[in-house]
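Student: I'd like to go over a predicted model; first the sequence, then the structure.
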Protein chains: 2
Amino acid sequence: MKQSILFTKTRKEIGNDEVSLNASLLIRGGFIDKLTAGVYTYLPLGLRVINKIQNIIREEMDKIGGQEILMPALTPKEVWEKTKRWNNFDALFKLSNIEGKEYALGATHEEIVTPLLKKYIFSYKDLPKYIYQIQTKFRNEARAKSGLLRGREFLMKDLYSFHADAADLDKYYEIVKLAYFNIFKRLKLDKITYLTLSSGGAFSKYSHEFQTLAKNGEDTIYLCEKCKIAYNKEVIDEITQCEGCKLGKDKFKELKAIETGNIFKLGTRFSADFGFKYKDKNDKEQEIIMGCYGIGPSRIMGTIVEVFNDNKGIIWPESIAPFLVHLILISKDNALAKKAEKLYDDLTKIGIQILYDDRDETAGTKLNDSDLIGIPFRLILSEKTAKTDSIEVKKRDSQKVEMIKIKKIGDYLKKAL
Amino acid sequence: MKQSILFTKTRKEIGNDEVSLNASLLIRGGFIDKLTAGVYTYLPLGLRVINKIQNIIREEMDKIGGQEILMPALTPKEVWEKTKRWNNFDALFKLSNIEGKEYALGATHEEIVTPLLKKYIFSYKDLPKYIYQIQTKFRNEARAKSGLLRGREFLMKDLYSFHADAADLDKYYEIVKLAYFNIFKRLKLDKITYLTLSSGGAFSKYSHEFQTLAKNGEDTIYLCEKCKIAYNKEVIDEITQCEGCKLGKDKFKELKAIETGNIFKLGTRFSADFGFKYKDKNDKEQEIIMGCYGIGPSRIMGTIVEVFNDNKGIIWPESIAPFLVHLILISKDNALAKKAEKLYDDLTKIGIQILYDDRDETAGTKLNDSDLIGIPFRLILSEKTAKTDSIEVKKRDSQKVEMIKIKKIGDYLKKAL
């Protein structure tokens, strides 16, 4: 894409009510715009990032048998009353239609997916089933000052699993854990993301969170560095030693972190309310056992910005960068502009995702914008580099500068990416 | 995909409050589920269809320079007050947050996109710009009985264009018209979709709708068959003859149709309210001229079902069918099941989108389900066809049955699709 066509520009002023680092960098770089507290527009660069995050999650869900659906945001009061959550669920947005019928805006979808699956599952032969969606959710948060980390409107992937018995849930639960580790690996967050025990529910002592270390994180975790398991502050009083290696909890390290995922054994919490049962091999009615597994693409995007940045801007991991290469022309010379244009066309043709800064701006503006936007590879074509038929290549996360012959740059990038 | 794994099943009972043909067929086929009036879940088959429709629209928007963004559903009261539509816009869903701040759920996005672009456009050099999104919208409809044709929650693509003057808008408006005709062509609706003059606004005598003929359509149009232009009932009293060929309006044909798209010259209707101006070449402030262009992927999906069906079920056009081939095994024989499995694998490997009915069901059930689901090519492998190493091929929209050798079926399908 040519930067002269892109409608967004980097911004210096972002409004003084935006206090979070992630939103500040994302707004300044032209990735998102803030409409109102906790509510953001995804601009072209930001939409490319969030779509890549969603696709990584989608691929990993598909690999573990997930079937994708899309449930609505307008959810009727009745289903929330069935589970006694209409008045008890934290932060439901409520509204009425023209006939006075009440809805909640979907903040989670157990109330929708459970009766939905009840329409299709009758027998042990229909089990297990794994259903997921990636969808816009809404929460009436009192505090919405953390940018993409805690929005009033945000993107969420939720996977729900339906099982004939607890043993089958336990088995799948471990499979989802591995899928989540794969997701964090592809997002380059694996080395700072820890499986964390947190408070459970009626059906399990603990649930599991995935906590990503970040100095601005809202959560406090206690990490057993020996076996790499962490404990959320909310459960730390209940334990004396690591559940895995038995290390005393006084040896744990207290750290700030962002909850980037959570997985939960629901048991019959929702299936019971909806009378959702199946017939086993002996034609006997049995209760359906459920699990749920969440991960928020928008929170992931915010987290990545919180952890991958420097004082100049964002440093995107390659897997989710809006473009992989930022080609910058530093010259007013027409012949050189044509050379840059041809290079842009050639690299596009061999499938390299490239943003080409063809704007009539100073070198300083272009370089500052490039650092702020944070594309992994920066290519500079200038009169100086052209003298040796070369292009200057620098990775965003490195200080090293290389000169590569223009005719070899395609091969160089294909190898590097 | 194997049908034994797909969690949905075809349904006979769909609830007697569902009166529309499109929703009935889509619910029975397992494409959508009705959560409450005007609010539907997209199930795996339906999600594949709606995603294909969205991708066709997206590709055509990208071709005419559209830059994709994603605006929020929670939109603050202030922006609607600025345009005096908080109390005047038909069917806004309104709600409040925990602090008493009021929002409307996005029913259209002029109020969001206009101040957004104002943050980035300052000079004639920044114009024109074309911005679009494909997004979930909400309307507090009194009547929501037309399935996907008129939902309370629905998908909408809206494109907004920003111009330096009316002439530039006029030029782009014609480009969008052509893009819309391309979309309808790819959806196989072009032969029954007519550009239709309907009531305009402050800035143009008429706006344009795209009306698709359908006996259950809500709209009445008057078609000049000579030049293929139609007139919406709401403007028919204002004219005496065709604007194009001057044919008298008594010769027009009265028809029922569904409004599947509309394009509208907004002029300064919204830019004025937001004080959105730019500086021209002489550094003089000028008003921004806007256009807007809508098309609803969910309504398109409903329309296609309304017009492409028979008494057995849906007949999907290839461009948006959930799968292109429906392979059906009719046999309890293990050797034949293995042969079908291999065929499924082989066809999948060469990139053919295939649904394989490997279920333990009767031939009658499988064939009825296949007709209801409406995949373009049906392949039957049975003991009878296996005797000649063949497979029976039938297109959903034809009565003709062909026998093709199993080893040639890949080539046959690649040629046919």
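Tutor: In hand now; what should we look at?

Student: Please make it C-alpha for all contacts and neighbour counts, starting now.
Tutor: Fine.

Student: Now do the strand or helix carrying residue A:116: distance to the chain's middle.
Tutor: Assigning secondary structure by DSSP states H and E places residue A:116 in helix A:110-118. Here helix A:110-118 is found 25 Å from its chain centre; the criterion is C-alpha atoms, centre = their mean, to the nearest Å.

Student: partners of the helix or strand that it is followed by, with directions?
Tutor: Toward the C-terminus, helix A:110-118 is succeeded by strand A:129-138 as the next helix or strand (DSSP H and E). Partner strands and pairing direction for strand A:129-138 (DSSP bridges) are strand A:67-68 (parallel), strand A:153-163 (antiparallel).

Student: Do any residues in the following helix or strand past the shortest one lie close to chain B?
Tutor: Reading on from strand A:67-68 to the C-terminus, the next helix or strand found by DSSP H and E is strand A:74-76. Yes - remark: strand A:74-76 sits within contact range of chain B at A:74-76, by C-alpha under 8 Å from any C-alpha of the partner chain.

Student: who touches strand A:74-76?
Tutor: With C-alpha atoms under 8 Å, 6 or more residues apart in numbering or on different chains as the test, strand A:74-76 has contacts from A:101-106, A:112, B:35-36, B:39, B:153.

Student: Switch the strands paired with strand A:129-138 over to a markdown table; also include mean neighbour count and mean pLDDT.
Tutor: Formatted as a markdown table, the strands paired with strand A:129-138 follow (neighbours: other C-alpha atoms under 10 Å in any protein chain shown; pLDDT from 0 to 100):
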| stretch | mean neighbour count | mean pLDDT |
| --- | --- | --- |
| strand A:67-68 | 22 | 98 |
| strand A:153-163 | 23 | 98 |
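
Student: buried sites along the lengthiest strand in chain A?
Tutor: Among the segments of chain A that qualify as a strand by DSSP state E, the longest is strand A:253-267. By neighbour count with 16 or more other C-alpha atoms under 10 Å in any protein chain shown, strand A:253-267 contains the buried residues A:254-267.

Student: For it, output the C-alpha coordinates as CSV.
Tutor: Once non-C-alpha atoms are left out, strand A:253-267 reads as follows in CSV (Å, rounded to 0.1, in the frame of the first residue of the first chain):
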residue,chain,number,x,y,z
LYS,A,253,8.1,-13.9,42.4
GLU,A,254,5.5,-11.2,42.6
LEU,A,255,4.9,-9.8,39.1
LYS,A,256,2.4,-7.5,37.2
ALA,A,257,0.6,-9.2,34.4
ILE,A,258,-2.3,-8.9,31.9
GLU,A,259,-4.8,-11.7,31.7
THR,A,260,-4.7,-12.6,28.1
GLY,A,261,-6.7,-15.8,28.2
ASN,A,262,-8.7,-18.0,30.5
ILE,A,263,-10.1,-21.5,30.4
PHE,A,264,-12.8,-22.8,32.7
LYS,A,265,-14.5,-26.1,33.5
LEU,A,266,-18.2,-25.2,33.7
GLY,A,267,-19.4,-28.7,34.4
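
Student: Does anything pack onto it? Which helices or strands?
Tutor: Applying 3 or more C-alpha pairs under 8 Å, 6 or more residues apart in numbering or on different chains; DSSP states H and E, we find strand A:253-267 packed against helix A:166-186, strand A:206-213, strand A:219-224, strand A:289-295, helix A:297-307.

Student: could those be laid out in CSV, adding mean neighbour count, mean pLDDT and distance to chain B?
Tutor: Listed next are the helices and strands packed on strand A:253-267 as CSV, based on neighbours: other C-alpha atoms under 10 Å in any protein chain shown; pLDDT from 0 to 100; distance: least, C-alpha to the nearest C-alpha, whole Å:
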stretch, mean neighbour count, mean pLDDT, distance to chain B
helix A:166-186, 17, 98, 16
strand A:206-213, 24, 96, 27
strand A:219-224, 23, 97, 23
strand A:289-295, 23, 98, 15
helix A:297-307, 24, 98, 12
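
Student: Any idea which of those gets closest to residue B:201?
Tutor: With C-alpha to C-alpha, the closest approach to residue B:201 among those belongs to helix A:297-307: 38.5 Å.

Student: Go ahead and name everything in contact with that closest one.
Tutor: Contacts of helix A:297-307 (C-alpha under 8 Å, 6+ apart): A:21-23, A:25-26, A:49-50, A:53-54, A:147-150, A:154-157, A:189, A:212, A:214, A:216, A:258, A:260, A:314-316.

Student: hmm, back to that, and of the helices and strands packed on strand A:253-267, who's closest to residue B:235?
Tutor: With C-alpha to C-alpha as the measure, helix A:297-307 is the member of the helices and strands packed on strand A:253-267 nearest residue B:235 (45.6 Å).

Student: on that earlier part again, tabulate the helices and strands packed on strand A:253-267 (TSV), appending distance to residue A:417.
Tutor: Below are those laid out as TSV (distance: least, C-alpha to C-alpha, whole Å):
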stretch	distance to residue A:417
helix A:166-186	14
strand A:206-213	26
strand A:219-224	34
strand A:289-295	27
helix A:297-307	20
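
Student: Reformat the strands paired with strand A:129-138 as CSV; add distance to residue A:128.
Tutor: Below are the strands paired with strand A:129-138 laid out as CSV (distance: least, C-alpha to C-alpha, whole Å):
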stretch, distance to residue A:128
strand A:67-68, 12
strand A:153-163, 5
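
Student: pretty sure residue A:381 contacts residue A:328?
Tutor: Yes - Residue A:381 lies in contact with residue A:328 (C-alpha atoms under 8 Å); the separation is 6.2 Å.

Student: Grab the nearest non-local neighbour of residue A:169.
Tutor: residue A:163 (5.9 Å; C-alpha to C-alpha, 6 or more residues apart in numbering or on different chains).

Student: List the residues that contact that neighbour.
Tutor: With C-alpha under 8 Å, 6+ apart, residue A:163 has these contacts: A:127-129, A:169, A:288-290.

Student: Please report how far it lies from residue A:134.
Tutor: Separation of residue A:163 from residue A:134 (C-alpha to C-alpha, to the nearest Å): 22 Å.

Student: next one: residue A:224
Tutor: Distance of residue A:224 to residue A:134, computed by C-alpha to C-alpha: 33 Å.

Student: Can you name the residue of the stretch 151-300 of chain A nearest chain B?
Tutor: When scored by C-alpha to the nearest C-alpha, the stretch 151-300 of chain A has residue A:153 as its residue closest to chain B, at 7.1 Å.

Student: For that residue, give me its contacts.
Tutor: Taking C-alpha under 8 Å, 6+ apart as the criterion, residue A:153 is in contact with A:38-40, A:136-139, B:72-74.
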